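Engineer: this is a predicted model, with the sequence first.
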Amino acid sequence: MEERNANIIFGKAGGNASRNSYTCKLSIPKSWVDRMGVRPDSREVTLCFDGDVVSVRRPEGSGVKRIPLANKKRIRRFALVWQQMYINYKTIPFYFFEEIEFMGEEMADLGFEMDCGKSLETAFPGLNALNDNAVLERIIEQIDLQTLGNAIYSQWRYWNHWSMSPMGEEDVQWFVTALGRLAELAR
């Protein structure tokens, strides 16, 4: 979960409100709003308050919150840069692999979804391509751009958030292979 500090914006209430009335607003990062799928033509959200926490979510049944894939040139550039980052991971501070504002936010901004590997599992049922490099290499030519990007995003999230152990050489190689193919698909 991402977290940012912000300030509430207070403004004088207009119309028939009393002299001491205020309106309260909060500015939300555009990248978050984009990932929620909120747009000027589809801007309805549901606010929830439990006494301490305010949350914002899309209403039930509001549709898929996917943003369209970025252009292939941008995806290719991303894939080539991050492939080199993983190839040279021993010389790069781990912070770059761990913090969401680097790889995670960019994957979302490119239009990929962190779907816990579901799109890859749906496309290749019974194969464990997220955890087996040999399986990934066997099927990688058959994986489409969106599914592979979703898998990379999901695998990155697993290693930066859920895993209780550091990545091994075979895990790094998984990213090198997947990002290389992503760059090829984005030609």
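Structural biologist: Noted; the coordinates are in hand.
Engineer: which secondary structure element of this structure has the lowest mean pLDDT?
Structural biologist: helix 30-36 (a mean of 78; mean pLDDT, DSSP states H and E).
Engineer: report the next helix or strand after that one in sequence order.
Structural biologist: Of the helices and strands lying after helix 30-36 in sequence (DSSP states H and E), the nearest is strand 46-49.
Engineer: now the helix or strand that comes right after that following strand: buried residues?
Structural biologist: As assigned by DSSP H and E, the chain's next helix or strand after strand 46-49 is strand 54-57. Judged by neighbour count (16 or more other CB atoms under 10 Å), strand 54-57 contains no buried residues. To be clear about C-beta, it is placed using only N, CA and C from the backbone, and glycine gets the same treatment.
Engineer: quick check: what element follows strand 54-57 along the chain?
Structural biologist: Criterion used, DSSP H and E; the element after strand 54-57 is helix 72-87.
Engineer: may I have the residues that are in contact with the residue nearest the centre of the chain?
Structural biologist: Of all residues in the chain, the one closest to the mean position by CA atoms, centre = their mean is residue 108, 3.5 Å from it. Contact analysis of residue 108 by CB atoms under 8 Å, 6 or more residues apart in numbering lists 31, 34, 35, 67, 114, 153.
Engineer: averaged pLDDT, the strand or helix carrying it. What do you get?
Structural biologist: Assessed by DSSP H and E, residue 108 sits inside helix 103-109. Computed over helix 103-109, the mean pLDDT rounds to 88.
Engineer: for it, C-alpha coordinates in CSV please.
Structural biologist: The C-alpha coordinates for helix 103-109 follow below in CSV (Å, rounded to 0.1, in the frame of the first residue of the first chain):
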residue,chain,number,x,y,z
MET,A,103,9.1,0.0,-11.0
GLY,A,104,5.7,-0.4,-9.5
GLU,A,105,4.2,3.0,-10.4
GLU,A,106,5.7,2.9,-13.8
MET,A,107,4.2,-0.6,-14.5
ALA,A,108,0.7,0.8,-13.5
ASP,A,109,1.3,3.9,-15.6
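Engineer: in that helix, which residues are buried?
Structural biologist: In helix 103-109, counting by 16+ other CB under 10 Å, buried: 103, 104, 105, 106, 107, 108.
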